[in-house]
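Trainee: Sequence first, then the predicted structure:
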There are 2 protein chains.
Amino acid sequence: MSPEEFRRHGKQVVDWIADYLAGISSYPVMSQVKPGEIRAALPSRPPEEGEPFENVLADLERVLLPGITHWQHPGFFAYFPSNASGPAILGDLLSSGLGVQGMLWVTSPACTELETVVVDWLAELLGLPEHFRTDAAGGGVIQDSASSACLVALLAALHRAGGGRVAAEGVDRRYTLYVTSQTHSSLEKAARIAGLGAAAVRGVDVDPGTLAMDPGHLRTLLAEDEAAGAVPAMVCATVGTTSTTAIDPVPAIGEVCRERGVWLHVDAAYAGVAAVCPELRWLNDGVAAYADSYSTNPHKWLLTNFDCTVLWTADRAPLLGALSILPEYLRNAATTTGSVVDYRDWQVPLGRRFRALKLWSVIRWYGAEGLREHIRKGVALARELAGWIAADPGFRLHEPHPLGLVCFRPVWRGLPAAESDRATLRLMELLNASGSMYLTHTKVSGRVLLRMAIGTAATERQHVERAWEQIRREHAALSATLP
Amino acid sequence: MSPEEFRRHGKQVVDWIADYLAGISSYPVMSQVKPGEIRAALPSRPPEEGEPFENVLADLERVLLPGITHWQHPGFFAYFPSNASGPAILGDLLSSGLGVQGMLWVTSPACTELETVVVDWLAELLGLPEHFRTDAAGGGVIQDSASSACLVALLAALHRAGGGRVAAEGVDRRYTLYVTSQTHSSLEKAARIAGLGAAAVRGVDVDPGTLAMDPGHLRTLLAEDEAAGAVPAMVCATVGTTSTTAIDPVPAIGEVCRERGVWLHVDAAYAGVAAVCPELRWLNDGVAAYADSYSTNPHKWLLTNFDCTVLWTADRAPLLGALSILPEYLRNAATTTGSVVDYRDWQVPLGRRFRALKLWSVIRWYGAEGLREHIRKGVALARELAGWIAADPGFRLHEPHPLGLVCFRPVWRGLPAAESDRATLRLMELLNASGSMYLTHTKVSGRVLLRMAIGTAATERQHVERAWEQIRREHAALSATLP
């Protein structure tokens, strides 16, 4: 495709996206297709000859769109938001257009240095400690996801716990990892990938009310495991769990980690970016004093398209020790002098997209004030929704709900717990099938809760209000059909 | 940013990229900045208030461009090409614009089903076996990089070798991985990440002439290691090594793997896509009969922007066994029925971009014929360059050079080997500093070779010819200054 053809088709695509975003409310939020339907509508064999680009756009519209679940729809309340925004899309487009690969500083110095600048900017915006800055012993790096960030943190923790033995000799003793029932599943996945196995994942009790990690039980477990010959490698504290945004007590957990010399990773995938607001800065309590590593996802609630997770560490040495390898074909003068950062040593893959461009573009377009406004809107709408739920005898609100996620369950009069849970899931299916909203569920203390996560950029008060009215209406209608 | 603002700025960005690509020859290929220079030119603190998007574009032009090494420049001969192309950039733009997250089938069915279709298309285009298709026991999946693909293959291999013990109990015995001195460093990195450690990586001898793995030595090593109590987990054969595009004898290696029941992964990161040409289909020799997994990178030489690696497996069960976890908040009806593919279980991260769009867009725009033409151009230019080098007494050509990479060294009359190598590196620095080309180096049998990888989409005969003339000229000039 020549630059002039690109210019023409590029503008068609920009128009298509602008129209799509302007009209997104007209689509059903959740795709209603059956398994295999999209695949069956596509040719099973690739074209022998090239086709006009218009064919791609036509098939996108005709074949693919019905199979799209619209994450940017104002009625998207499922999982957590995965914000896209204009400046992020355009920053990513610039990255694709430049087509550079930032595995080493030398392979495009601006790719590395802009990343250093924006992760330092973000640390400042979130009030993260000075020692996470690149000029200190630590540093930040963009990863594809919180899963990868947690894996990298675990590898660094293992490197420190084993004094470098893991990289050299492998897992030759019992290393353990501490989480709770509320920790993200990527931590168990990381333990499996890192060769520790699921058996190395130790479950610390949670407070049954707040679902937060019990630091006393952590202390007991660590002592027992060490006495039994295990080497505790890492504790993962979560600030804002996936299920209910529960918040582990990082200062108390950090104190236990310090006593035992265990690496503390703080997974704030969803919630961390909310610290851009001074009134939510308490989310960082204990991070400065205790965290060895910390990660949060601008690609969830901070207007930066997936993928963009930022991982910071207080000490980059064990991270580099775990992941650096320098074959001859990557040797270069800048790396040899040690005067540059080579981010390939901070991640699993070797190659790297120029992802800093989109975060840079977002921070500059919105500014700190614009980012705060976006987070505040989500928190305020969630608080208002929680108020309506609490005031309605047909529903039970799950407390607390400090950020944009509200969990609740409908009351089904006269039904025992298991049947109530089935009715709740049935209600969720009806709501999702209506096309006007998409909710997901979780379980707390064995009971099904509905999750309504507010934070999509397009979501305004009217959308939350309408969704809540529909939930009440459908609940009443479904209740009427039950025995 | 409103849809209308996006429309306006989007067209500015498209124009900027079209102009950039049209004028790319005017930039020095390799950035000439010093470490820290770009960073120093950027504000150390984030803006408090939002800025116009024009500021981002102005700073891109003024501050960042001097720090860009232009991978799409016709004089880019370093590493391997990392092709961008119009349809890939636009496919990626559509992915950003839709902003969907394809971790599960249900979170956007089209994201999963289009991926299934395009990886099956690519398997057909490359002549890969039927059992790699998703409707068979295997299947393909898009990964971010060959590093991640090799790691995932190793995790699947470990799962099979350990009968599921690794995921459950961790690495509790000595698993081994077989590579050569020519295998990509990501395999050692994968062994370290997976908890096997560098010590588990066993070096199989290579033929000193072809640098290809010696299957006889592999057989001996496997027998010795098993006798010593090790559990061989995986052999990695490379089709087109990073250093010199050496090609391991997959059929003979596969025969040894079959005898011993060891997983064979074929890493064809750079070379694999060349099999789109029937006359290069020999690159797949042995893959159908023996490979348990296979990976290649459309993001290197197949016109699809980074990141896009495709990994296929002949049997997806061990891969899913190694990587599947299903927490309550991800449960859904489609997953539970088992009627859909959830690609999150095929990779390290949970979240997923809609990367299939760019590969789909590339295959449709170019068609099989257009892709073949692109590969053939690179192979033909490399062959012509190799002819010039072979005919010039001032240079020594490294044989063989089956694809787009040509390795060679200048002759420095009267200089001993070590000083010759220093002179070769000095020549490379002078050429790279000239701004008209970017070469990298490798070492073979202890001697430095220059690598000239042809395959950037913009590279035509004139660029190779001019580069070769400059290399000869600078070699002569530098020779004259030597004692």
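Mentor: Right, received. Where do you want to start? Residues are numbered from 1 along each chain as shown, chains lettered A, B, ... in the order given.

Trainee: does the lengthiest helix in chain A come close to chain B?
Mentor: When chain A is parsed with DSSP state H, its longest helix is helix A:356-390. Yes. Interface with chain B: helix A:356-390 contributes A:357, A:360-361, A:363-370 (Cβ under 8 Å from any Cβ of the partner chain). For glycine as for every other residue, the C-beta is placed from the backbone atoms N, C-alpha and C.

Trainee: Over to stretch A:21-34?
Mentor: Yes. Using Cβ under 8 Å from any Cβ, we find that stretch A:21-34 touches chain B at A:21-22, A:30-31, A:33.

Trainee: Check which helices and strands the helix or strand that comes right after the longest helix of chain A is in contact with.
Mentor: Where DSSP states H and E defines the elements, the next helix or strand beyond helix A:356-390 is strand A:395-397. Using 3 or more Cβ pairs under 8 Å, 6 or more residues apart in numbering or on different chains; DSSP states H and E, the elements in contact with strand A:395-397 are helix A:356-390, strand A:405-410.

Trainee: Please export the C-alpha coordinates of the shortest one as CSV.
Mentor: Extracted C-alpha coordinates of strand A:405-410, given in CSV (Å, rounded to 0.1, in the frame of the first residue of the first chain):
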residue,chain,number,x,y,z
LEU,A,405,-17.5,-1.1,41.2
VAL,A,406,-20.8,-1.8,43.0
CYS,A,407,-21.7,-5.4,43.9
PHE,A,408,-25.2,-6.4,45.0
ARG,A,409,-27.8,-9.1,44.9
PRO,A,410,-31.5,-9.1,44.3
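
Trainee: related to what we said a few turns ago, which two in the residues of stretch A:21-34 next to chain B are spaced the farthest apart?
Mentor: A:A22 and A:V33 (23.7 Å; Cβ to Cβ).

Trainee: Can you tell me which of the residues of stretch A:21-34 next to chain B are buried?
Mentor: A:21, A:30-31, A:33 (16 or more other Cβ atoms under 10 Å in any protein chain shown).

Trainee: Return the closest of those with respect to B:G216.
Mentor: Among these, and counting by Cβ to Cβ, the member closest to B:G216 is A:V33, at 53.5 Å.

Trainee: tell me the contacts of the closest residue in space to A:H9 that isn't next to it in sequence?
Mentor: The spatial neighbour of A:H9 that comes closest, neighbours along the chain excluded (Cβ to Cβ, 6 or more residues apart in numbering or on different chains), is A:F53 at 4.5 Å. For A:F53, the contacting residues are A:1, A:5, A:9, A:12, B:87, B:90, B:361, B:365, by Cβ atoms under 8 Å, 6 or more residues apart in numbering or on different chains.

Trainee: Inside helices: which ones of these?
Mentor: Per DSSP H, the contacts of A:F53 map to helices at A:5, A:9, A:12, B:87, B:90, B:361, B:365.

Trainee: Selecting buried members of these in PyMOL, what would you type?
Mentor: Per 16+ other Cβ under 10 Å, the buried members of the ones in helices among the contacts of A:F53 correspond to this PyMOL selection:
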select buried, (chain A and resi 9) or (chain B and resi 87+90+361+365)
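
Trainee: pLDDT score for A:G97?
Mentor: According to the prediction, A:G97 has pLDDT 97.

Trainee: Over to A:A334?
Mentor: At A:A334, pLDDT is 88.

Trainee: A:G23 too?
Mentor: Model confidence at A:G23 (pLDDT) stands at 97.

Trainee: all strands of the stretch 51-200 of chain A, in order?
Mentor: For the stretch 51-200 of chain A, applying DSSP state E, counting those that start in this stretch gives strands covering A:139-143, A:175-180.

Trainee: List the strands paired with the longest one, with their directions.
Mentor: For strand A:175-180, sheet partners with direction are given as strand A:201-204 (parallel), strand A:231-238 (parallel), following DSSP bridges.

Trainee: who in the stretch 251-400 of chain A is up against chain B?
Mentor: So the stretch 251-400 of chain A meets chain B at A:299, A:305-307, A:322-323, A:325-334, A:337, A:339-340, A:348-353, A:357, A:360-361, A:363-370 (Cβ under 8 Å from any Cβ).

Trainee: gap between the closest residue to chain B within the stretch 101-250 of chain A and A:S295?
Mentor: Closest residue of the stretch 101-250 of chain A to chain B, Cβ to the nearest Cβ: A:G195 (1.8 Å). Distance of A:G195 to A:S295, computed by Cβ to Cβ, to the nearest Å: 21 Å.

Trainee: ditto for A:L42
Mentor: Going from A:L42 to A:S295 by Cβ to Cβ gives 37 Å.

Trainee: Can you pick out the residue with more neighbours from the two?
Mentor: Between A:L42 and A:S295, counted using other Cβ atoms under 10 Å in any protein chain shown, the more crowded position is A:S295 (27 against 18).

Trainee: which element is that one on?
Mentor: strand A:293-296.

Trainee: tell me which residues of the helix or strand bottoming out on mean pLDDT in chain A are tucked away?
Mentor: Ranked by mean pLDDT, DSSP states H and E, the helix or strand of chain A with the weakest confidence is helix A:333-337, at a mean of 87. Judged by neighbour count using 16+ other Cβ under 10 Å, the buried positions of helix A:333-337 are A:334-335.

Trainee: again with stretch A:423-438
Mentor: A:423-424, A:427-428, A:431-432, A:434-438.

Trainee: and it, average pLDDT?
Mentor: For stretch A:423-438, the per-residue pLDDT averages 97.

Trainee: and what of stretch A:239-249?
Mentor: In the prediction, stretch A:239-249 has an average pLDDT of 98.
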